[in-house]
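Student: sharing a model that was predicted from the sequence below.
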2 protein chains.
Amino acid sequence: VDEFELIDAIVEALGPAAGGAWIRTGPGDDAAVIELSPGCDAVASIDTLIPDVHFPAGAPAELIGYRALMVALSDLAAMAADPRYVLVSLTLPEVKPAWVHDLTCGMSAAALRCGVSVCGGNITRGPLNIAVSVHGQVPAGAATLRSGAAVGEGVYVSGPLGGAAAAVRLAQLMPCDAEHLSALQSAYYRPLARFDCAGAMRDQATAALDISDGLIADLTHLARASNVSVDVNASLVPVHAGAELRDALFGGDDYEIVCTSAHDLRGFTRIGQVHSCTGSAAVSVDGEGPEGSGYRHF
Amino acid sequence: VDEFELIDAIVEALGPAAGGAWIRTGPGDDAAVIELSPGCDAVASIDTLIPDVHFPAGAPAELIGYRALMVALSDLAAMAADPRYVLVSLTLPEVKPAWVHDLTCGMSAAALRCGVSVCGGNITRGPLNIAVSVHGQVPAGAATLRSGAAVGEGVYVSGPLGGAAAAVRLAQLMPCDAEHLSALQSAYYRPLARFDCAGAMRDQATAALDISDGLIADLTHLARASNVSVDVNASLVPVHAGAELRDALFGGDDYEIVCTSAHDLRGFTRIGQVHSCTGSAAVSVDGEGPEGSGYRHF
């Protein structure tokens, strides 16, 4: 049973409890879309970080807090939502006030950078676990889903890719001094949820998500949800300084936006195009399936 | 450093990031209140359950799921909010599909009982941790906070107390058959978030919270937030069948509502009255501080 099968089973077991009259988009996209009042949709998502899975356990607490909030908020940016508030569930094995203070300062910095409020939370004793519930809003119907891409449109990304993956590949995450991060460390520890792209996305993007699993993997989600194929021109993919093309194609943790549009999307770089769903692969690179490119072994 | 000191330190470190123009009520109440659109306030809270702290690790998964959702939703009922949607962060040590299925069915039952949608979530591998983020709405300004109680008002509860605490005190939580719960087991495993009280509360309650820590402990939060004293008439407190008065006064996990009102609150039982803040104890029972009643040793 893999993660996606488990999620399918959960949604099936929830049955009608996963839907409801005011749920526009339920489980399966970057975030849920809820119609709470006329003219305005709520957009909501929850994300969880575990030590040594989502961050090095020994990393500076300030960076852990910053990254936890920003990674969760990125799912709202992927929906072209304006962020409004955040709730944090903090499970701590022991109370180290200085560590919690630093963690909180990092969360505060991320929250202020995005203009969002950390207005509630919960503290429990147990193995370290940071769950962040994020909430924003969009004009009714304006959220950019994963579905919606159409044949003939271009594929766009919001910035250079692969920096965070290169930091992981080159074992640069630790040791780490929060005051003196290298450029690759900064790409990993201090991503920016791209709320600045929301205007262009609402106006002209047809489908979007944030790049957390890697460009090809996330484009595959978009292609399947939209029932299209996508071809990426490798030479057009913007690669982060210090990273390689494989980092940009297959590495995750960048939290840039990938989206589709029939227009020349302002602020974005065009990297490919949407085709009809004919070949065996939902996503190809320069016309070939990406399997041979090393994805399986990355 | 106790829990409340830690929370104070966190809110201080968050600084302006804990507030914001659209935050009516930030950290410190049962839930946060957020003004997302004119005329309607969002109400939001997050809660976390850990095995052998918040439920027996060996309890039927269906009951764990039901209780996790209902306990979290109760914080919305305490604000007189209508529940709208829930997000679940599930951290699992291993994937046991049957266990996850049962957990989900319990969550689904709780969600349908409250008319709320589980429209999103996250699954991560790690030590078992269930974080539930709950979201509702009230007409603008109608949320019942902990502050607001005034001298001369009555103190009311929404139902019998002490059943869940008696189940714990009498070691009745396990063994447990979800199909054949005893009355006390049912009080612990199948609480009901009192959304049915929202109408009366919005109309006539001045302060409210749900009883999770115990009647006296939670009334102390209310009294301090409202800057009043409260006296409880022990003989008026409705005691759950099979429980004792001490369970009703000092045991938690009931998730009934305690509130204050200048009126005879329909559907509620009057158990005491609000005094000016003169004595040393914020809450007394039959005119005496509750410390001697065994709270410290309970």
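Tutor: Cool, the structure landed. Residues are numbered from 1 along each chain as shown, chains lettered A, B, ... in the order given.
Student: alpha carbons only for contacts and neighbour counts from here, please
Tutor: Fine.
Student: just confirm A:L265 contacts A:A200, I think it does.
Tutor: Yes. With contact defined as C-alpha atoms under 8 Å, A:L265 counts as touching A:A200 (6.7 Å).
Student: more neighbours, those two?
Tutor: The residue with more neighbours, out of A:L265 and A:A200, is A:L265; 22 against 14, by other C-alpha atoms under 10 Å in any protein chain shown.
Student: helices of the stretch 51-200 of chain A, start to end?
Tutor: With DSSP state H, counting those that start in this stretch, the ranges of helices along the stretch 51-200 of chain A come out as A:61-77, A:97-114, A:163-169, A:183-189, A:198-204.
Student: wait, which of those is closest to chain B?
Tutor: helix A:97-114 (5.0 Å; C-alpha to the nearest C-alpha).
Student: so what touches that closest one?
Tutor: Under the contact criterion C-alpha atoms under 8 Å, 6 or more residues apart in numbering or on different chains, helix A:97-114 has outside partners A:60-70, A:83, A:117-118, A:193, A:195, B:1, B:6, B:9-10, B:13-18.
Student: so how far is chain B from A:S37?
Tutor: Counting by C-alpha to the nearest C-alpha, to the nearest Å, the gap from A:S37 to chain B is 7 Å.
Student: show me the shaky parts of the stretch 151-298 of chain A.
Tutor: A:279-280, A:291-298 (pLDDT under 70).
Student: okay, now the nearest residue to A:V157 once chain neighbours are set aside: neighbour count?
Tutor: Excluding the flanking residues, the one nearest A:V157 by C-alpha to C-alpha, 6 or more residues apart in numbering or on different chains is A:V258, at 4.4 Å. When neighbours are counted by other C-alpha under 10 Å, A:V258 registers 26.
Student: quick check: beta-bridge partners of A:V258?
Tutor: Beta bridges link A:V258 to A:V157, A:L209 when assigned by DSSP bridges.
Student: can you pull the contacts of A:E153?
Tutor: So A:E153 contacts A:260-263, A:273-274 (C-alpha under 8 Å, 6+ apart).
Student: mind running it again at 6 Å?
Tutor: A:261-262, A:273-274 (C-alpha atoms under 6 Å, 6 or more residues apart in numbering or on different chains).
Student: what does A:Q137 give?
Tutor: Contacts of A:Q137 by C-alpha under 6 Å, 6+ apart are A:41-43, A:81-82.
Student: repeat that for 8 Å
Tutor: A:40-43, A:81-84, B:36.
Student: now the most centrally placed residue in chain A. Nearest residue, chain neighbours left out?
Tutor: In chain A, the residue lying closest to the centroid (C-alpha atoms, centre = their mean) is A:D210, at 3.7 Å. Take A:D210 and drop its neighbours on the chain: the residue closest to it by C-alpha to C-alpha, 6+ apart is A:I257, 4.4 Å away.
Student: just A:I7 next, same as before
Tutor: B:I123 (8.0 Å).
Student: which residues pair with the one you found across the strands?
Tutor: B:L90.
Student: do I have it right that it meets B:V95?
Tutor: No. With contact defined as C-alpha under 8 Å, B:I123 does not count as touching B:V95 (10.1 Å).
Student: looking at these two, which one has more neighbours?
Tutor: The neighbour comparison of B:I123 against B:V95 (other C-alpha under 10 Å) goes to B:I123, with 18 against 14.
Student: from B:G19, how far out is A:S133?
Tutor: 16 Å (C-alpha to C-alpha, to the nearest Å).
Student: give me the more crowded residue out of these two.
Tutor: Comparing A:S133 with B:G19 by other C-alpha under 10 Å, the one with more neighbours is A:S133, at 31 against 20.
Student: mind listing what the nearest residue to that one once chain neighbours are set aside touches?
Tutor: Distances taken as C-alpha to C-alpha, 6+ apart place A:I46 nearest to A:S133, at 4.2 Å, with adjacent residues excluded. Applying C-alpha under 8 Å, 6+ apart, we find A:I46 in contact with A:72, A:131-134, B:87-89, B:120-122.
Student: hmm, 7 Å instead?
Tutor: A:72, A:131-134, B:87, B:89, B:121-122 (C-alpha atoms under 7 Å, 6 or more residues apart in numbering or on different chains).
Student: tell me the SS of it?
Tutor: strand (DSSP: H, G, I helix; E, B strand; the rest coil).
Student: what pLDDT does it get?
Tutor: At A:I46, the pLDDT value in this model is 97.
Student: next one: A:E62
Tutor: At A:E62, pLDDT is 97.
Student: check A:V1 too.
Tutor: Reported pLDDT for A:V1: 74.
Student: what's across from the residue lying closest to A:A72 once chain neighbours are set aside in the sheet?
Tutor: Nearest non-adjacent residue to A:A72, counting by C-alpha to C-alpha, 6+ apart: A:D47, 5.4 Å away. Following DSSP bridges, A:D47 is listed with bridge partners A:V132.
Student: so A:D47 versus A:V132, what's the distance?
Tutor: 5 Å.
Student: what sits in contact with each of those two?
Tutor: Joint contacts of A:D47 and A:V132 (C-alpha under 7 Å, 6+ apart) are A:A72.
Student: enumerate the residues of chain A near chain B.
Tutor: A:10, A:13-14, A:17-20, A:26-27, A:32, A:45-48, A:50, A:87, A:89, A:101, A:104-105, A:108, A:111-112, A:117-122, A:124, A:126-127, A:131, A:133 (C-alpha under 7 Å from any C-alpha of the partner chain).
Student: sorry, back to before: ok, the residue nearest to A:A72 - contacts?
Tutor: A:72, A:131-133, B:89, B:122.
Student: likewise for A:G65?
Tutor: Applying C-alpha under 7 Å, 6+ apart to A:G65 gives the contacts A:103-104, A:106-107.
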